[in-house]
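Peer 1: fold the following, please.
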Amino acid sequence: MADTPATGKTLEATVRYRLPIIFLPGIMGSRIIIRGVASDGSDVQWNPDSTSYMVKKWVTSSYTTNARYMDPTHPADVDSDNTHETANGLTASQWWGGISWKFYGSMIESLHQAANDKSRGSISNIYGCGYDWRRSNADSAKTLKTRIDEVLAKETGAEKVILITHSMGGLVARSYLQQFGDSKVEAVIHITQPVHGGPKLYAAFKAGTDDSDLKAIAGITAFRQTYVLSAMTGAFQLLPNNKYTKTNWLKERVWKMSGLKKTETTTPYSGTNIYTDKYGAASGPYRLVHDDLLKDIAHVPIITNIGNNISNAEKFHAAIQSVFHKRTYNIASSGLSGTTTLTYDIGLLHNSYEVGKADTSDATVPLLSQLGYKLNGINLPKDREHIVAKVEHGAAPNNGGIITKTLEFIDIIAREYAARNTAGNPNPPPNTG
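Peer 2: Below is the predicted model:
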């Protein structure tokens, strides 16, 4: 038995098999090269690791140009530049070049150090899986399938992997499980996953946004947000689904005069299909098609994209809604102010949208969605669920406390896996959850 420095726990050192780890980033966390999309036919990169490049190619571009870049009908490849890999002792064959070092560098380095810590028993190499986040997460799940097969082919004796996901990467992993099963996945560790979506993106469509990343590529207005994001199938899959609707996040408030007193009546949405009732409605204040898009026939393709992506989101959500790995581990964050409700105000003189915020979020995804499996009647064992305080969504993977907890979860998974596969054990425990 060997002592594990990071946790003080012990692991079986002699194992029959190895457990590679694959990391999946969230939306906009993969560095991609969009082929031939510039006006002169050249490629355009999404590279958060280069502020100067992002300012030159994205921040200073028009919203119509950025909308073209965000359209996944323009094919993209995951960047294979291995500058960060080489500088930090990784190899290009571990596919870290497609992961943004700005967002995930500390996590990558910590996982790499853990892989080199031989006392961690069955843990072997750490691999990245970047993907084109503009596309459907169901398509990205096929990218993950290819990566899992590649990793298992490289790792002699390995039969399964551990998946670690951040944000939308969790949806990719669950779509993989839905499409291809769990026979090659030992466990999944999710970090701030929007299990059932969240109101923040919908609020951007209807009321504009103050989110720095969304403002940088589309501006603050609801019209520009809708225009730029209209073709991004993956983004629509972050909208609240029918399960999340049960939380009464979408409301309508009517103001009336009663004598000399103004009174209000607030009614939460009570329908059964938010995709057709609200998102894709032919008219009304809740549909995702912005009214200004209807004023120009040139916007017909954008309107069509929105309709197709609403339908796609409905099908995608239904497919993965109840899919969770039997060995799911979850890290969530709360205590920061984030969008939790959107209310349509029918006022005395004019109508407007009111974005409601509460300190029950990681500033992007409400805690209720991060723990969304509970809405499915699933309660994880206490040692598989961890909630941290006041860690912002985008900063979560590089947070020291979250990295420590991730490594502790890895140790638990490795120890249990080792117990089932220890050399010389004639009767290993069954491989069940």
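Peer 1: so where do the helices sit in the stretch 251-400 of the chain?
Peer 2: With DSSP state H, counting those that start in this stretch as the criterion, the stretch 251-400 of the chain has helices at 274, 300-320, 367-370, 400-421.
Peer 1: name the residues that touch the second one?
Peer 2: Helix 300-320 is contacted by residues 67, 71, 136-138, 171, 174-175, 177-178, 196-197, 226-227, 230-233, 235-237, 239, 241-242, 273, 275, 279-280, 288-289, 293-294 when judged by CB atoms under 8 Å, 6 or more residues apart in numbering. For every residue, glycine as well, the C-beta is placed using N, CA and C.
Peer 1: then stretch 383-397?
Peer 2: 25-26, 103-104, 106-107, 166-167, 191-192, 213, 327-336, 362-365, 367, 371, 399, 401-403, 405, 409, 412.
Peer 1: if we can go back for a sec, reformat the helices of the stretch 251-400 of the chain as a markdown table; add mean pLDDT, distance to residue 260 and mean neighbour count.
Peer 2: Output for the helices of the stretch 251-400 of the chain, formatted as a markdown table (pLDDT from 0 to 100; distance: least, CB to CB, whole Å; neighbours: other CB atoms under 10 Å):
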| stretch | mean pLDDT | distance to residue 260 | mean neighbour count |
| --- | --- | --- | --- |
| helix 274 | 96 | 38 | 24 |
| helix 300-320 | 97 | 44 | 18 |
| helix 367-370 | 96 | 39 | 25 |
| helix 400-421 | 90 | 54 | 20 |
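Peer 1: reformat the ones you listed as CSV; add distance to residue 40.
Peer 2: Compiled in CSV, the helices of the stretch 251-400 of the chain are given as follows (distance: least, CB to CB, whole Å):
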stretch, distance to residue 40
helix 274, 42
helix 300-320, 22
helix 367-370, 42
helix 400-421, 42
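Peer 1: pull out the buried members of the contacts of helix 300-320.
Peer 2: 67, 71, 136-138, 171, 174-175, 177-178, 196-197, 226-227, 230-233, 235-237, 239, 241-242, 275, 279-280, 288-289, 293 (16 or more other CB atoms under 10 Å).
Peer 1: number of nearby residues for residue 75?
Peer 2: Here the number of neighbours of residue 75 (other CB atoms under 10 Å) works out to 13.
Peer 1: shouldn't it be in contact with residue 35?
Peer 2: Yes - with contact defined as CB atoms under 8 Å, residue 75 counts as touching residue 35 (5.3 Å).
Peer 1: how near is residue 311 to residue 280?
Peer 2: Separation of residue 311 from residue 280 (CB to CB, to the nearest Å) stands at 7 Å.
Peer 1: repeat for residue 259
Peer 2: For residue 259, the distance to residue 280 (CB to CB) stands at 41 Å.
Peer 1: in helices only, show me the contacts of helix 300-320.
Peer 2: Judged by DSSP state H, helices contain the following of the contacts of helix 300-320: 67, 137-138, 171, 174-175, 177-178, 226-227, 233, 235-236, 242.
Peer 1: ok so residue 247 is a strand residue?
Peer 2: No - assignment of residue 247 by DSSP: H, G, I helix; E, B strand; the rest coil gives coil, placing it outside any strand.
Peer 1: tell me the contacts of the nearest residue to it once chain neighbours are set aside?
Peer 2: In this structure, residue 247 finds its nearest non-sequential neighbour in residue 368, 5.9 Å apart by CB to CB, 6 or more residues apart in numbering. Shown in contact with residue 368 (CB under 8 Å, 6+ apart): 244, 247, 360, 375.
Peer 1: just checking, residue 125 touches residue 115?
Peer 2: Yes - under the criterion of CB under 8 Å, residue 125 makes contact with residue 115 at 5.4 Å.
Peer 1: between the two, which contacts overlap?
Peer 2: Counting by CB under 8 Å, 6+ apart, the common neighbours of residue 125 and residue 115 are residue 21.
Peer 1: touching, residue 363 and residue 337? I think so.
Peer 2: Yes - using CB under 8 Å, residue 363 is in contact with residue 337, at 6.6 Å.
Peer 1: of those two, who's got more company?
Peer 2: Neighbours per residue (other CB under 10 Å) separate residue 363 from residue 337, with residue 363 holding more: 21 against 11.
Peer 1: residues touching the more buried one, list them.
Peer 2: Neighbour list for residue 363: 336-338, 392-393 [criterion: CB under 8 Å, 6+ apart].
Peer 1: which one of those sits closest to residue 159?
Peer 2: Using CB to CB, residue 393 comes nearest to residue 159 of those, at 33.6 Å.
Peer 1: what about the closest one, distance to residue 355?
Peer 2: Distance, residue 393 to residue 355, by CB to CB: 17 Å.
Peer 1: who's more crowded, these two?
Peer 2: With neighbours defined as other CB under 10 Å, residue 393 and residue 355 compare such that residue 393 has more, 23 against 19.
Peer 1: and that one, how far is that from residue 387?
Peer 2: 14 Å.
Peer 1: check residue 344 too.
Peer 2: Going from residue 344 to residue 387 by CB to CB gives 32 Å.
Peer 1: cool, and residue 29?
Peer 2: Counting by CB to CB, the gap from residue 29 to residue 387 is 22 Å.
Peer 1: same check, this time on residue 348
Peer 2: According to CB to CB, residue 348 stands 42 Å off from residue 387.
Peer 1: compare these two and say which is more crowded by neighbours.
Peer 2: Legend: neighbour count by other CB under 10 Å for residue 348 and residue 387, higher for residue 387 (15 against 9).
Peer 1: what pairs with the more buried one across the strands?
Peer 2: Beta-bridge partners of residue 387, counted by DSSP bridges, are residue 332.
Peer 1: okay, it: pLDDT?
Peer 2: Predicted confidence (pLDDT) for residue 387: 97.
Peer 1: so what's the residue positioned nearest the centre of the chain up against?
Peer 2: Taking CA atoms, centre = their mean as the criterion, residue 168 is the residue nearest the geometric centre of the chain, at 1.2 Å. Residues near residue 168 by CB under 8 Å, 6+ apart: 26-27, 133, 137, 194, 234, 237-238.
Peer 1: again with residue 279
Peer 2: When contacts are counted by CB under 8 Å, 6+ apart, residue 279 touches 202, 239, 286-288, 310, 313.
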